[in-house]
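**Q** sharing a model that was predicted from the sequence below.
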Amino acid sequence: MKTCFYNGKIAGSEAPVLCVKDGKIEGFSNAAPEGYEKVDCGGGHILPGFIDIHLHGGGGADFMDATPEAFRTVAETHMRCGTTSLAPTTVACTRETLFNMFAAYRECTKGIDFVDFLGLHLEGPFLAPEMKGAQGEDRIYPPDEAMVDRIIEEAGDIIVRVSGAPEVPYMDVMGDRLSELGVMLSIGHSNAVASEAIEGCRHGYRHVTHMYCSTPSVRKINQIIYAGIIEACYLMDEMTCELIGDGCHVAAECIRLAHKLKGPDKVIFITDAMRAAGIDVTESYLGDIRPENRVIIEGGVAKLPDRSFYAGSIVTMDKVLRTAVQKAGLPIDDVSRMMSLTPAKLIGKDKHKGSLDPGKDADIVVMTPDLQPEMVYVRGIRRR
Ligand SMILES: [Zn+2]
């Protein structure tokens, strides 16, 4: 099967035509070659498919529902908006629920071929109680040896990423053991000061989960001004971070600052989307459907019913692209990189994913000139 894309700006190339063969990027050309199906891109943008390594749900479903239908619904909702690879993300939960998710991931991803699953991202339960955000306090606890052993059994294949608070007991041991196996470790829902974050960095926690949200900045403790996680990230060249690009959680100036200080190879965009992403509702649930998990949807974002905290975004990656380009004013080539190649590198999948380089999977999203999703191809097959 041979396809070529023309009449669009190709990310990372000045060439007018992009050629795809047998599900892989073949290369660039000056004219549409003979024998190829020709795709007119309408003067828009030809981008590598988006890679979202932090999302919980969408289309009315959450990965924590742990059913094949839920996995299919979330994946399809996001794929239709340009996401071609994703890492299903868990919320703080009991040991039993977490272990059940490992089996559920294995079962529920079978037979879904219109998107690529990269492995689970565990967001908790190893969080700082005072930084729980919208997560339930009774489901937050430190790791122990048995837990780390169980995670290691699934590392690489099922678990690719863990977010937590490095200042919590035993997180240093967990960091040492998991980083050795290539699991991406990340500081999230943490109350660390910069020195603790930098110590965490030495134990493998080199990324910041939804920076600016539940990751404190400069503060005064006993009359002394301490730097926080955000400053540690800006200070340490080896640290990377992610931003929720829904246009609600993080102001445009924060996005511009992160881009200016760290650059497109060290900052990524995520959705952190919950169940209500991609549908029009006024009420939903964060995590599993239980009264205590109820959230309200208002002004384009999910909130706890008392409005004390945002409870995850309701966006898809196409909206993230528009936020970064149209609201924050970043160059589209940088934003595309921050939504595809950089996350692919962080999660260890850049050999096959993340750019339109020859030999990589032909995961392509065609956006209109005003950045609406038009067509989505996953491994060379049109899915939208
Ligand atoms: Zn999250």
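**A** That came through fine.
**Q** so what touches stretch 184-191?
**A** Applying C-beta atoms under 8 Å, 6 or more residues apart in numbering, the set of residues contacting stretch 184-191 from outside is 53, 123-124, 127-128, 130-133, 135, 160-168, 175, 178-179, 197, 200, 203-210, 214-216, 229, 242, 346-348. C-beta coordinates here come from the backbone N, C-alpha and C atoms, glycine included.
**Q** repeat for stretch 166-182
**A** Contacts to stretch 166-182, defined as C-beta under 8 Å, 6+ apart, come from residues 126-128, 142-145, 148, 151-152, 155-156, 162, 164-165, 185, 187, 190-192, 196-197, 199-200, 203-205, 348.
**Q** which stretches of the stretch 101-250 of the chain form strands?
**A** For the stretch 101-250 of the chain, the strands defined by DSSP state E, counting those that start in this stretch cover 116-117, 120-123, 159-164, 184-187, 205-208, 219-221, 224-226, 240-244.
**Q** name the helices or strands packed onto the second one?
**A** Strand 120-123 makes packing contacts with strand 50-55, strand 83-90, helix 95-108, strand 159-164 when contacts are defined by 3 or more C-beta pairs under 8 Å, 6 or more residues apart in numbering; DSSP states H and E.
**Q** one step back: so which of the contacts of stretch 166-182 are in helices?
**A** Glu145, Val148, Ile151, Ile152, Glu196, Ala197, Glu199, Gly200 (DSSP state H).
**Q** list the contacts of the fourth one.
**A** Going back to what we said before, that points to Ile152. For Ile152, the contact set (C-beta under 8 Å, 6+ apart) comprises Arg177, Leu178, Leu181.
**Q** interface residues of the stretch 51-200 of the chain facing the ion?
**A** Counting by C-beta under 5 Å from the ion, the stretch 51-200 of the chain comes close to the ion at Glu123.
**Q** gap between the closest residue to the ion within the stretch 51-200 of the chain and Tyr234?
**A** Using C-beta to the ion, Glu123 is the residue of the stretch 51-200 of the chain that sits closest to the ion, at 4.7 Å. Counting by C-beta to C-beta, to the nearest Å, the separation of Glu123 from Tyr234 is 23 Å.
**Q** does the helix or strand of the chain at the bottom of the mean pLDDT ranking reach the ion?
**A** When the helices and strands of the chain are scored by mean pLDDT, DSSP states H and E, strand 310-313 comes last with a mean of 89. No - applying C-beta under 5 Å from the ion, one finds strand 310-313 separated from the ion by no less than 6.0 Å.
**Q** that strand: which residues count as buried?
**A** Judged by neighbour count using 16 or more other C-beta atoms under 10 Å, the buried positions of strand 310-313 are Tyr310, Ala311, Gly312, Ser313.
**Q** before we move on, the earlier item: who's more crowded, Glu123 and Tyr234?
**A** Ranked by neighbour count (other C-beta atoms under 10 Å), Glu123 and Tyr234 place Glu123 first, with 25 against 19.
**Q** what bridges to the closest residue to that one other than its chain neighbours?
**A** Using C-beta to C-beta, 6 or more residues apart in numbering and skipping the chain neighbours, the partner closest in space to Glu123 is Ser163 (4.6 Å). Ser163 has these beta-bridge partners by DSSP bridges: Glu123, Ser186.
**Q** just checking, what packs against the longest strand along the chain?
**A** Of all the segments assigned as strand in the chain under DSSP state E, the longest by residue count is strand 37-48. Strand 37-48 sits against strand 2-10, helix 332-339, strand 364-367, strand 373-378, with contacts defined as 3+ C-beta pairs under 8 Å, 6+ apart.
**Q** tell me which of those sits nearest to the ion.
**A** Set against the ion and scored by C-beta to the ion, those come closest in helix 332-339, at 16.8 Å.
**Q** next, the angle from that closest one to strand 37-48.
**A** Angle, helix 332-339 to strand 37-48, by axes from the mean of the first three to the mean of the last three C-alpha atoms, to 10 degrees: 80 degrees.
**Q** now the helix or strand just after helix 332-339: mean pLDDT?
**A** For helix 332-339, the succeeding helix or strand toward the C-terminus, using DSSP states H and E, is helix 341-346. Averaging pLDDT along helix 341-346 yields 98.
**Q** over to stretch 253-269?
**A** 98.
**Q** next one: stretch 126-137
**A** 82.
**Q** about what we covered before: the residue nearest to Glu123 contacts His121, correct?
**A** Yes - between Ser163 and His121 there is a contact at 6.9 Å, judged by C-beta atoms under 8 Å.
**Q** what's the helix or strand for Gly27?
**A** Taking DSSP H and E as the definition, Gly27 sits inside strand 24-29.
**Q** mind listing what's buried in that strand?
**A** Lys24, Ile25, Glu26, Gly27, Phe28.
**Q** neighbouring contacts of that strand?
**A** For strand 24-29, the external contacting residues (C-beta under 8 Å, 6+ apart) are 2, 4, 10, 13, 15-20, 356-362, 379-380.
**Q** ok, what's across the strand from Ala273?
**A** Beta-bridge partners for Ala273, by DSSP bridges, are Ser313.
**Q** mind listing what it touches?
**A** Asp52, Leu55, His56, Gly57, Gly58, His78, Gly312, Ser313, Ile314, Val315, Thr316 are the contacts of Ala273 under C-beta under 8 Å, 6+ apart.
**Q** repeat the analysis, applying 6 Å as the threshold.
**A** Leu55, Gly58, Ser313 (C-beta atoms under 6 Å, 6 or more residues apart in numbering).
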